[in-house]
Structures are given as structure tokens and as C-alpha cells.
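**Q** Quick one, what's the 3D model for this:
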Amino acid sequence: FVCFYAKDGKKYGLRKSDLVRKDGSTLAVQADCSVVRELLNIDKLNLIGIWVSLGSSEELKNRIRAVLLDDDFWSSQSKEIIEEEFKRRTQEAIEDIEFGIRSNVFDFTIVDRDLAAAEKTLKRALDYAQ
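**A** So this is what the prediction gives:
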């Protein structure tokens, strides 16, 4: 497996054989930066990256905080523990953004603010991939 995770007692994964298509077809995979790093190590994989981003660092921080507070586990923790997790996730997001910029893997960028522009960029990326 390139990556795997467990959810609701079931295991899911992404196999190399699922990615390298003999018929030349295109496969779209939603992946975080840790998975993208693994994908870069697969021979014969033509990777076309689409970076999806919020518009600003403030929007990113607001999203991280909202996700934490919306989660039953985190919302039941002390403010100090939530703040530590917020800092950890923010730092991880910054590292992912730095990877996205330095890696030259992402050919297209979608800013998660304008749905019409996002759809247009996604269509351009999909047309390019075919």
C-alpha cells in the first residue's frame, strides 16, 4: 500500500497497482501532502497536482480552530490542550504549504473561496490530465 487508514473498524488503502494504469486512463486521488510524498516515489506515475487552498493564513487558522471545536473529543478538552493541538495543526499546515511551493508538484491551484473560479480551474486541470 502507498497509504492506508482505518475507519469504523474497516481498513482502506491505496495500492500502487491502483495508481499505475496499463490502459493509460486517468485516476483522481484526493491526498494530503504525506500521501503526495509517497506518490512521488512511484515509477511510471504521471502525477498532476492540484493544490486546494484557503485564501489567507487567517482563514486557515479559523478553519483549523473550527474543526477542533466541532470535534466531540477536542471540544471536551481543556483550553490549553486545544491550543496546543491548534498550534501543532497550524505548524503542520505551514509545512504542507512550504512543501507545496518547493516541490513543484502542484500544476494547478484552487482557492477555496470562489466556486465558479474553482470549477473553472478544476475543469482546466482535468482537461490537461486527459
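
**Q** and the residue of the chain positioned farthest from its centre, backbone torsions?
**A** Residue farthest from the centre of the chain, counting by C-alpha atoms, centre = their mean, is residue 78 at 28.2 Å. Per-residue torsions, residue 78: phi -70, psi 160 (degrees, to the nearest 10).

**Q** Which pLDDT does the model give it?
**A** We have a pLDDT of 94 for residue 78.

**Q** got it, and the one 4 residues further on?
**A** Looking at residue 82, its pLDDT stands at 95.

**Q** Not counting its own residues, what contacts the longest helix seen in the chain?
**A** When the chain is parsed with DSSP state H, its longest helix is helix 79-103. Outside helix 79-103, the residues that touch it by C-beta atoms under 8 Å, 6 or more residues apart in numbering are 32-33, 36-37, 40, 51, 53, 60-61, 64-65, 68-69, 74-75, 77, 106. For every residue, glycine as well, the C-beta is placed using N, CA and C.

**Q** now, which of these lie within helices?
**A** With DSSP H as the criterion, helices contain 33, 36-37, 60-61, 64-65, 68-69, 74-75 from among the contacts of helix 79-103.

**Q** Can I get the buried ones among those as something I can paste into PyMOL?
**A** In PyMOL, this line selects whichever of the ones in helices among the contacts of helix 79-103 come out buried by 16 or more other C-beta atoms under 10 Å:
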select buried, resi 33+36+60+64+65+68
